[in-house]
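Trainee: only the shape, not the letters, is given here:
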């Protein structure tokens, strides 16, 4: 098996394993106690905090360890919003933030606060201008990830931090995907990260709150971790997380060169090997190990199963995975094709041989899924199909992606150039995938119209 889903969870780094085993013997006692075992545990915890703070670019007394990256995000957002309540209850987030940020935003709205969701470019990047325009006198906090978890696009954190600082607004950065590659640049105020993203153990998160940021911890206060993370510290896991962070940072430059070459190989060759594929994300401003592409006329869940049977573990942001029936919010915000989406995220141990084997097996896996779904051959017909002004109606109600797009592709040649196809669909993914199909196949997307059920998507044949 080849594990190619490191963006979800990186395999445990050898240094993390060694540190964890050693700390299990030395760091089991309560670090708040004054006896020998407690002092030994406190020394391990303090050393881990110093190492993590050095990697994060902050002071040790600004960093606390939490039970996860998600908990760090939730605690960071809630604490700043509460600390700056007198300023206002307006929150700014990008449309492609991790769900932990978006769920916090939804909670604020439910409690009467307001949220501005900043749109992104087709590459997945937010713009400084959009953040600057979103700032208001009552803005309590802005959030921006350092790099996107689904497509790898790096965000302009330093520039956004600058305009936020000028407006007196703190910026929270979700650095889960990038901290293992290097420090987050810029004058940010709050940072969250998660150890299992860089090869540390799961169950350890980092929360950094810069001195001077108004912060009010929520919930019952605890004397541990500056009152910002309740409960007994998992010292062995924390030690392993800090040790592995230091180790991956030391390897980052060499690893980046090697993984960037491998992902570039995938980015370039997948469209040549597989027809009707859209590679998404910024081609240059991206993390080294992530590449994402979407395949027309295929569904993500079937592709995952085909690749799993072939020995490859990958992930999908498609709307057709078993965990959701709606498109990935990241792909939706980018306005790119969501059906048949595959994310390949390479671990540090990935080899050129694994990538070549993946590329050799991918075309067959996609073809097998498309054949099962009855996908059409590439459009070659020039038949006029009827008089000018002809319109066909495709009833795809009750059918999930990629069926509405497949049925559209099957009939587009049956209308004359200038004729239209009206696709009736109640699948949320159709709103994204039909326009994406039009762009890929050089047809005109006229627009969406209301219908008795779902919506009608109108496409005009160009050629």
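Mentor: Received the coordinates, thanks. Just so it is clear, the structure is predicted and the values come from calculations on it, not from any experiment.

Trainee: list the helices and strands the helix or strand where residue 267 lies packs on?
Mentor: Using DSSP states H and E, residue 267 maps to helix 235-273. Packed against helix 235-273 by the contact rule (3 or more CB pairs under 8 Å, 6 or more residues apart in numbering; DSSP states H and E) you find helix 14-26, helix 36-56, strand 277-280, strand 290-295, helix 352-373. The way it works is simple: take the backbone N, C-alpha and C, and place the C-beta from them, glycine included.

Trainee: show me what counts as buried in it.
Mentor: Across helix 235-273, burial judged by 16 or more other CB atoms under 10 Å covers 235-249, 252, 255, 258-260, 262-263, 265-267, 270.

Trainee: related to what we said a few turns ago, distance to residue 458 and mean pLDDT added to the helices and strands packed on helix 235-273, as CSV?
Mentor: Listed next are the helices and strands packed on helix 235-273 as CSV, based on distance: least, CB to CB, whole Å; pLDDT from 0 to 100:
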stretch, distance to residue 458, mean pLDDT
helix 14-26, 54, 95
helix 36-56, 51, 96
strand 277-280, 22, 94
strand 290-295, 22, 96
helix 352-373, 23, 95
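
Trainee: closest to residue 98 out of the ones you listed?
Mentor: strand 290-295 (14.2 Å; CB to CB).

Trainee: distance from the next helix or strand after the closest one to the middle of the chain?
Mentor: Of the helices and strands lying after strand 290-295 in sequence (DSSP H and E), the nearest is helix 300-309. Remark: helix 300-309 is offset 20 Å from the chain centroid, using CA atoms, centre = their mean, to the nearest Å.

Trainee: buried set for helix 300-309?
Mentor: 300-304, 306-307.

Trainee: return the member of those nearest to residue 78.
Mentor: residue 300 (33.0 Å).

Trainee: residue 440: which of the helices and strands packed on helix 235-273 is closest?
Mentor: With CB to CB as the criterion, residue 440 lies closest to strand 277-280 of these, at 6.3 Å.

Trainee: tell me the strands beside that closest one, with direction?
Mentor: The pairing partners recorded for strand 277-280 under DSSP bridges are strand 290-295 (antiparallel).

Trainee: please report how far residue 113 lies from residue 207.
Mentor: Using CB to CB, to the nearest Å, we find residue 113 at a distance of 21 Å from residue 207.

Trainee: how about residue 275?
Mentor: With CB to CB as the criterion, residue 275 and residue 207 are 46 Å apart.

Trainee: try residue 273
Mentor: 43 Å.

Trainee: now do the helix holding residue 267 and helix 352-373, the angle between them.
Mentor: Helix 235-273 runs at 60 degrees relative to helix 352-373, counting by axes from the mean of the first three to the mean of the last three CA atoms, to 10 degrees.

Trainee: higher neighbour count, residue 113 and residue 207?
Mentor: The neighbour comparison of residue 113 against residue 207 (other CB atoms under 10 Å) goes to residue 207, with 28 against 17.

Trainee: can you give me the first-to-last residue distance of stretch 55-71?
Mentor: Start-to-end span of stretch 55-71 (CA to CA, to the nearest Å) is 20 Å.

Trainee: actually, stretch 212-231.
Mentor: One end of stretch 212-231 sits 25 Å from the other (CA to CA).

Trainee: do the same with stretch 340-359
Mentor: Chord length of stretch 340-359, first to last residue, is 16 Å (CA to CA).

Trainee: can you list the buried residues in that stretch?
Mentor: Neighbour-count burial for stretch 340-359 flags 340-348, 350, 354-355, 358-359 (criterion: 16+ other CB under 10 Å).

Trainee: if we only consider those residues, which is nearest to residue 7?
Mentor: Residue 7 has its nearest neighbour among the buried residues of stretch 340-359 in residue 345, at 3.5 Å by CB to CB.
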